[in-house]
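[1] Just a sequence and a predicted model for now, questions to come.
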Amino acid sequence: MLKLIGPKCSSCCMITSIWGIIMMICLGAAYKLKSPALYADIPLDFKNADAVANQATVYAAYDSSAENCFIAAGLYAGVLFFSLWQIRVNKSRQTYTVR
């Protein structure tokens, strides 16, 4: 097995990715529910009055942001699996290390 990162870095990546997954899923759910608190963060041109007045355009922007959050959660899941693999590699190498 290939050791790419050390035990401390892999543990840090694991903790960060767990938090990232939780945060992105919660944020994506808030976008899916079309939370008014996130209105300023959706990709809309607020100078264009027609785009902001059209409900379908605003809902499409919310759905696009929600999809981006879920994709980011998937990327964090990939980092989680990588860091768990590296933790396993580091633990298996510790048994063969001469001290």
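    Yep, that arrived. The shown structure was predicted, so the numbers you read here are calculated from the model rather than taken from an experiment.
[2] contacts, neighbours, all on C-alpha from now
    Fine.
[3] in the lengthiest helix in the chain, what's buried?
    Using DSSP state H, we find that the single longest helix of the chain is helix 55-94. By neighbour count, and taking 16 or more other CA atoms under 10 Å as the criterion, the buried residues in helix 55-94 are 58-59, 61-67, 69-70, 72-74, 76-77, 79-80, 82-87, 89-90.
[4] tell me how far the lowest-mean-pLDDT helix or strand in the chain is from the chain's mean position?
    The weakest-scoring helix or strand in the chain, judged by mean pLDDT, DSSP states H and E, is helix 49-53 (a mean of 81). Chain-centre distance of helix 49-53: 30 Å, with CA atoms, centre = their mean, to the nearest Å.
[5] Show me which residues of it are buried.
    Of the residues in helix 49-53, none is buried (16+ other CA under 10 Å).
[6] packing partners for it?
    Counting contacts by 3 or more CA pairs under 8 Å, 6 or more residues apart in numbering; DSSP states H and E, helix 49-53 is packed against helix 55-94.
[7] roughly how far out does the helix it packs on sit from the chain middle?
    That offset, for helix 55-94, works out to 4 Å (CA atoms, centre = their mean).
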